[in-house]
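**Q** when you get a sec, could you give me coordinates for this:
(chains A and B)
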Amino acid sequence: SQQGEEDPQALSIQEGENATMNCSYKTSINNLQWYRQNSGRGLVHLILIRSNEREKHSGRLRVTLDTSKKSSSLLITASRAADTASYFCATDETGANNLFFGTGTRLTVIP
Amino acid sequence: GAVVSQHPSRVICKSGTSVKIECRSLDFQATTMFWYRQFPKQSLMLMATSNEGSKATYEQGVEKDKFLINHASLTLSTLTVTSAHPEDSSFYICSARDQPLANYGYTFGSGTRLTVV
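**A** I've put the predicted structure just below:
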């Protein structure tokens, strides 16, 4: 399967704490993307990191990419209750014309 | 920015009937659109890649005759679930690309919740 693995599957933290989610994939990629999905809703694109980049920031989000380990992490700093959602990594694989999604992490931020 | 409109957002149908879901790119032309299926608390699984003017490419295990895909124009792809059964109940999401490979260009629809009773 080309689907990536994410861990943890579920994460529950207190508001204000940081949340870290990890993603591992199997193939060569052009880029890796992180998405957010509220329950029963569509996907919201959060951030994209290209294969030649190692770290990227966007607001309270920090993404790292280690192509040698085929892994990425998403850090959400100073979490808020509104950050409660499922987070998915998705790989844009070399030679493929679509995205392959990870298994997702369900984040709950407790007020 | 690029917008993809997906309709309906929710549909309930009886077993044995067919349901059509539309995916439209509103402000760009999409030669390629993608259809995903998502079961509760699970990830998105690619069902098929829809190519304008040609046959869709289905992922392994997805029944072509069950999930009919039509991409007749550069702004519209449709997914028809034929002879629906309760096990087809799921969340279906489409996406479209508006930029070349290696650049972010995937825009997702808001999804369709299909319930077959």
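
**Q** so what's the closest residue to B:E59 other than its chain neighbours up against?
**A** In this structure, B:E59 finds its nearest non-sequential neighbour in B:L46, 5.3 Å apart by Cβ to Cβ, 6 or more residues apart in numbering or on different chains. For glycine as for every other residue, the C-beta is placed from the backbone atoms N, C-alpha and C. By Cβ atoms under 8 Å, 6 or more residues apart in numbering or on different chains, B:L46 lies in contact with A:98-100, B:34-36, B:59.

**Q** repeat that for 10 Å
**A** B:L46 sits next to A:2-3, A:96, A:98-101, B:34-37, B:57-59, B:62, B:95 when contact means Cβ atoms under 10 Å, 6 or more residues apart in numbering or on different chains.

**Q** return the set of residues that bridge with A:S72.
**A** Following DSSP bridges, A:S72 is listed with bridge partners A:C23, A:L65.

**Q** do B:T49 as well
**A** According to DSSP bridges, the partner residues bridging B:T49 are B:F34, B:T57.

**Q** same for the host helix or strand of B:T107, what does it pack against?
**A** Counting by DSSP states H and E, the secondary-structure element that holds B:T107 is strand B:106-108. The helices and strands touching strand B:106-108, judged by 3 or more Cβ pairs under 10 Å, 6 or more residues apart in numbering or on different chains; DSSP states H and E, are strand A:29-37, strand A:43-50, strand B:4-7, strand B:32-38, strand B:90-97.

**Q** switch the cut-off to 8 Å
**A** Of the remaining helices and strands, those touching strand B:106-108 by 3 or more Cβ pairs under 8 Å, 6 or more residues apart in numbering or on different chains; DSSP states H and E are strand A:43-50, strand B:90-97.

**Q** from the contacts of B:L46, pick the one nearest A:R60.
**A** Taking Cβ to Cβ as the measure, A:R60 sits nearest to A:F101 out of the contacts of B:L46, at 22.5 Å.

**Q** measure that closest one to B:Q60 for me?
**A** Spatial separation of A:F101 from B:Q60 under the definition Cβ to Cβ, to the nearest Å is 16 Å.

**Q** same check, this time on B:A2
**A** Relative to B:Q60, B:A2 is positioned 29 Å away (Cβ to Cβ).

**Q** for these two, indicate the residue with more neighbours.
**A** Here B:A2 and B:Q60 are set side by side on neighbour count (other Cβ atoms under 10 Å in any protein chain shown), and the busier one is B:A2, at 16 against 5.
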